[in-house]
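# Mind looking at a prediction? Sequence and model below.
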Amino acid sequence: MVRGDALNLMTQMRRGSIEFCVLALLRDEERYGLDLSRTLADSGIVSSEGTMYPLLARLRQGGLVETSWHESTQGPPRRYYRLTADGRAALDAFTAQWQQFRDAVDSLLDGGRT
Amino acid sequence: MNRARTSADAIASDYLSRLKRALAPLPRGRRGQILDDVAEHVAAARGALADQSDGTSVREILDRLGAPEDIAAEALADAPSQRIRRQLRTHRRAVGATTAVLIVGSVVAGMLTSGSPQPAAAQTTAVVVPDDTSDCAPQSPATSGPAATLTSKATEVTSGTVDGSAWSLWSAAGKHGATGLEDGGLVIDGHAYGLCPGFPNPAELEMADVGPTAIVYGVVGYPRRANVQLYTSTVGTFDRGRPLPAPNVRVVQGVSFFIGALPRSACDYPALELNTTSPGVSAEHNLGFGSCKAGNLVPITASQGIWQQPPGSFPASFPGIANVPGANSGCSPQSPVTSTAAATLTSHAVKVASGIIDGSGWSLWSADGKSGATGLEDGGLVIDGRAYGLCPGYPNPAELELADIGPAAIVYGVVGYHGLAKVQLYNSTVGTFDRGQPLPGPGVQVVRGVSFFIGTLPRSACDYPALELNTTSPGVSAEHNLGFGSCAADNLVPITASQGIWQLPPGSFPADFPGGGGGSGPSSPPDSDCSPTTNAATSGGPAADVTTHATEVASGTVAGHAWSLWSARGQHGANGLEDGGLILGGHAYGLCPGFPNPAELELADVGHAAIVYGVIGYPGRATVHLYTGSSQSFTTGAALPAPSVRAVSGVSFFIGTLPRSACDYPWLELNSAVKSGSSQHNLGFGTCTANRLVPITSSMGQWTING
């Protein structure tokens, strides 16, 4: 394996998991776009805030999130995102699979060190 | 709350425009969703700023968002690329077909006097007339107001949403038809906007600077449902530029009301062409717009129209009216040579263009309440905070000023003919029409319907006792000789002599005429001029358009398309090729952008990858390098694949493909070199149309001649 493969792997892992990271951020509360994008960018999950909006559009199109407008005390009204029932089911399914996958990989990685 | 448009607004607007362009291949719904989201992001982030007009803070917001192209790449990553590409091509073909139908269907049937359309006798057979109450007065103000100012005296007649904003249409109490709507108005997001531009036209249009994209709405006063088409245009013409998205149309009170969003900010549309076809009758209008202001209507500064036309007939020109200089292109009094503080100009004028010249920022200002060349000439130029006039005081169609600013002279001026002019400058001798050493061509752009040019000369303003200014606008040329007096730093050089002849056939610049001198000096390359200019709109026609008057001189293939190059009979060298042309895939394409450069380039929207070709007029085989470019700059961007170059007719012909669609190259940089000289050219391109050349909207070049 060369370094480029590792970078590509990270890209693929981000691409595969980022939608569920967004769903996870919405698990317990509604959030607006700026809040979501800043949280994801600050965590390093997305390279720039703007690339999250195509993803949000996909989630809306797929019926996993829905939106509503809220007045804001700072600036214009904001579009808030929240999970739909389908979105919550998708997040639950991914969470279970991810934990299983993560545990399996951790086990192998830990075993490799001992 | 209304507020003045700031540079921060412009920065944000430019970003969203870039994003919109980058997202163009996406289906409309998805594209709109992403655009709305990003616009909201920007608005929300700005809402948290202590100073929303702080450009630096807005840039930081946009930096964090990332490049629009990266957002588009993310959006396109999961889209079925083949489907999107096909949709794009289909759309563009549809646009081309529409244009063709309109051209074929054009019937020149009317005469126009400025602002007062006079239907010709042939038109009186039309049986549909505008609603007899479609006039409106007084003119609605550009400023918006609280909704109650309208709704308290009107009745809501329909409503909807546009570009995410709720709107409702109101008809004035006690009135009906078009008059009711025009004396009523529109409410958008709680603010009232008028619907009475104050011109007695059957079709009225307003443009509102509400949000990142312009909202247009209006009334077509003919009975029943109208088909409404919008185009970018040039003030004072009936030119149809880029087709714009058709607005939604509803029949309200027996006439048509339309409303829609344009792709860019309301500040980006200096003129619009409005073509409407109601049952049995068409109307054509051209509207010019002044300065935009967020939350308000953009004031209409010019309006002309012709109506009672046969359905689908939208004359592009009118019999008896050739391209003559704007009737108001004279100027007086003569502008002083001494520069003044910028405020002496900007306090009574409107900024209409800006750029960078020789490292200095410039802005062009049009006098308040004036239009066309007069507006510019009675306005002037600001360079580095100082105001300079633009009125030499001679009633010429082309005006030029020479400014002694910095080590290199700056020349600028106006060509008062309609449309984009090519501008040639030469050293000369006072009182002659001699063309001495060619000087670098200035950058030219259409402003207020006429051409404004600005550029630098190789030496100080003190070193040019006389200049020859040759211009060619669509269909007409003008020739001027100007003598200059003593230079003084940071001032204009006084014009001490001026003579000119105009209304000349395109490309005709007599070297001698009664009262004039004689003889012409060398111009190099000697045969690189071309006239008339290639017309992008008619490119892609039958091969016979070229082959009947030319001889094949080379052939090959590019991107799977067979091409052949043709030289006009009776001509040779670069002129032969430029007056000949290229046959590509069996269709004829020109090779004459109309600019007097030693290197000519055309960009063809043929297939998925752009095709570029052109001529380097220097003798011998040239090396040719292409780069992406930027607005009116010689800065090279990304290197593009080098085209194939052949020596043909003693000069160089090049042809090649670019990696992306012709629609993706708004600016190109063309650099060429031969043993005897080198050239740099910057070319700006307009809207692409499948299977046609992309129109060149801006061109500037500089070149050297060795020995």
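That came through fine. Numbering: from 1, shown residues only, chains lettered A, B, ... in the order given.
# how many other residues sit next to B:Arg365?
Let me fix one detail, which is that residue B:365 is Trp and not Arg. A count of nearby residues for B:Trp365, using other C-beta atoms under 10 Å in any protein chain shown, gives 25. (Glycine included, C-beta is placed from N, CA and C.)
# Do I have it right that B:Val210 meets B:Lys293?
No - in this structure B:Val210 lies outside contact range of B:Lys293 using C-beta atoms under 8 Å: 10.8 Å.
# Any chance you could list what contacts stretch A:96-114?
For stretch A:96-114, the external contacting residues (C-beta atoms under 8 Å, 6 or more residues apart in numbering or on different chains) are A:Ser17, A:Phe20.
# give me the element B:Gly295 is part of.
If you go by DSSP states H and E, B:Gly295 is not part of any helix or strand.
# Let's see stretch A:88-96 as CSV, backbone CA atoms only.
Written as CSV, here are the backbone C-alpha positions of stretch A:88-96 (Å, rounded to 0.1, in the frame of the first residue of the first chain):
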residue,chain,number,x,y,z
ARG,A,88,-33.8,8.2,12.2
ALA,A,89,-34.2,4.6,11.0
ALA,A,90,-31.3,5.0,8.7
LEU,A,91,-29.2,6.5,11.4
ASP,A,92,-30.0,3.7,13.8
ALA,A,93,-29.2,1.1,11.2
PHE,A,94,-25.9,2.7,10.4
THR,A,95,-25.0,3.1,14.0
ALA,A,96,-25.5,-0.6,14.7
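# Buried ones in it, by neighbour count?
Using 16 or more other C-beta atoms under 10 Å in any protein chain shown as the test for burial, stretch A:88-96 gives A:Ala90, A:Leu91, A:Phe94.
# re earlier: and B:Val210 and B:Lys293? Which one has more around it.
More crowded of B:Val210 and B:Lys293, by other C-beta under 10 Å: B:Val210, with 23 against 19.
# could the buried residues of stretch A:88-96 go into CSV alongside distance to B:Ser278 and secondary structure?
Shown next, in CSV, are these (distance: C-beta to C-beta, whole Å; DSSP: H, G, I helix; E, B strand; the rest coil):
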residue, distance to B:Ser278, secondary structure
A:Ala90, 51, helix
A:Leu91, 54, helix
A:Phe94, 56, helix
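# The residue of chain B most remote from its centre: what secondary structure?
Within chain B, B:Gly174 marks the point farthest from the mean C-alpha position, 43.1 Å out by C-alpha atoms, centre = their mean. Classification of B:Gly174 using DSSP: H, G, I helix; E, B strand; the rest coil returns coil.
# Then A:Leu59 would be within a helix, right?
Yes - counting by three-state DSSP, A:Leu59 is located in a helix.
# The closest residue to it other than its chain neighbours - how many residues pack around it?
Among residues not flanking A:Leu59 along the chain, A:Val65 sits closest, at 4.5 Å (C-beta to C-beta, 6 or more residues apart in numbering or on different chains). Number of residues near A:Val65 (other C-beta under 10 Å) recorded here: 23.
# Look up how far chain B lies from A:Val65.
From A:Val65 across to chain B, the span is 12 Å (C-beta to the nearest C-beta, to the nearest Å).
# if I read this right, that residue contacts A:Tyr80, doesn't it?
No - contact criterion C-beta under 8 Å: A:Val65 and A:Tyr80 do not qualify, at 10.0 Å.
# Which residue is the nearest non-sequential neighbour of B:Leu376?
Distances taken as C-beta to C-beta, 6+ apart place B:Val414 nearest to B:Leu376, at 5.0 Å, with adjacent residues excluded.
# number of nearby residues for the one you found?
For B:Val414, the tally of surrounding residues (other C-beta under 10 Å) stands at 32.
# ditto for B:Glu399
As a burial measure, B:Glu399 scores 30 neighbours (other C-beta under 10 Å).
# Just to check, B:Phe314 is in contact with B:Phe238?
Yes - assessed by C-beta under 8 Å, B:Phe314 is found in contact with B:Phe238 at 7.1 Å.
# what about the two, which has more around it?
The neighbour comparison of B:Phe314 against B:Phe238 (other C-beta under 10 Å) goes to B:Phe314, with 25 against 21.
# burial count for the residue in chain B positioned nearest to chain A?
Of all residues in chain B, B:Gly47 sits closest to chain A, at 1.6 Å by C-beta to the nearest C-beta. For B:Gly47, the neighbour count with other C-beta under 10 Å is 16.
# same thing with B:Ala246?
For B:Ala246, the count of nearby residues is 12 (other C-beta under 10 Å).
# quick one: contacts for it?
B:Ala246 makes contact with B:Val228, B:Gln229, B:Leu230, B:Gly260, according to C-beta under 8 Å, 6+ apart.
# Tell me if I'm right that the first one and B:Leu244 touch.
What that stands for is B:Val228. No - in this structure, B:Val228 is not within contact of B:Leu244 by C-beta under 8 Å, at 10.4 Å.
# residue contacts, the nearest residue to B:Leu16 once chain neighbours are set aside?
Leaving out its chain neighbours, the residue that sits closest to B:Leu16 by C-beta to C-beta, 6+ apart is B:Pro212, at 4.5 Å. Contact analysis of B:Pro212 by C-beta under 8 Å, 6+ apart lists B:Ala12, B:Ser13, B:Leu16, B:Ser17, B:Leu35, B:Ala39, B:Ser265.
# Repeat the analysis, applying 6 Å as the threshold.
Going by C-beta atoms under 6 Å, 6 or more residues apart in numbering or on different chains, B:Pro212 touches B:Ser13, B:Leu16, B:Ala39.
# pLDDT weak spots in the stretch 51-200 of chain B?
Applying pLDDT under 70 to the stretch 51-200 of chain B flags residues B:77-140, B:197-200.
# Get me the contact residues on it for chain A.
B:Arg64, B:Leu65, B:Gly66, B:Ile71, B:Glu74, B:Ala75 (C-beta under 6 Å from any C-beta of the partner chain).
# and what of chain B?
With C-beta under 6 Å from any C-beta as the criterion, chain B meets chain A at residues B:30, B:33-34, B:37-38, B:40-41, B:43-45, B:47-48, B:64-66, B:71, B:74-75.
# can you tell me which of the residues of the stretch 51-200 of chain B next to chain A are in helices?
With DSSP state H as the criterion, helices contain B:Arg64, B:Leu65, B:Ile71, B:Glu74, B:Ala75 from among these.
# what about the closest residue to the third one other than its chain neighbours, which SS state?
Setting aside the residues directly before and after it, B:Ile71 is nearest to A:Gly50 in space (C-beta to C-beta, 6+ apart), at 4.2 Å. A:Gly50 falls in the helix class when you classify it by three-state DSSP.
# Look up how far B:Gly586 lies from A:Gly50.
The gap separating A:Gly50 from B:Gly586 is 44 Å, by C-beta to C-beta, to the nearest Å.
# what's near enough to touch B:Ala154?
B:Trp170, B:Ser171, B:Ala172, B:Ala173, B:Gly184.
# quick one: which two of those residues are the most distant?
Pairwise distances across the contacts of B:Ala154 peak at 9.3 Å for B:Trp170 and B:Ala173 (criterion: C-beta to C-beta).
# who's more crowded, those two?
B:Trp170 (25 against 12).
# So what does the more buried one look like in phi/psi?
When quoted as degrees, to the nearest 10, the phi and psi of B:Trp170 stand at phi -130, psi 140.
# That one against B:Gly184, yeah?
Yes - using C-beta atoms under 6 Å, B:Trp170 is in contact with B:Gly184, at 4.1 Å.
# what separates the residue sitting nearest the centre point of chain A from A:Thr95, distance-wise?
By C-alpha atoms, centre = their mean, chain A has its centre lying nearest to A:Cys21, at 2.1 Å. Note on A:Cys21: its distance to A:Thr95, by C-beta to C-beta, is 11 Å.
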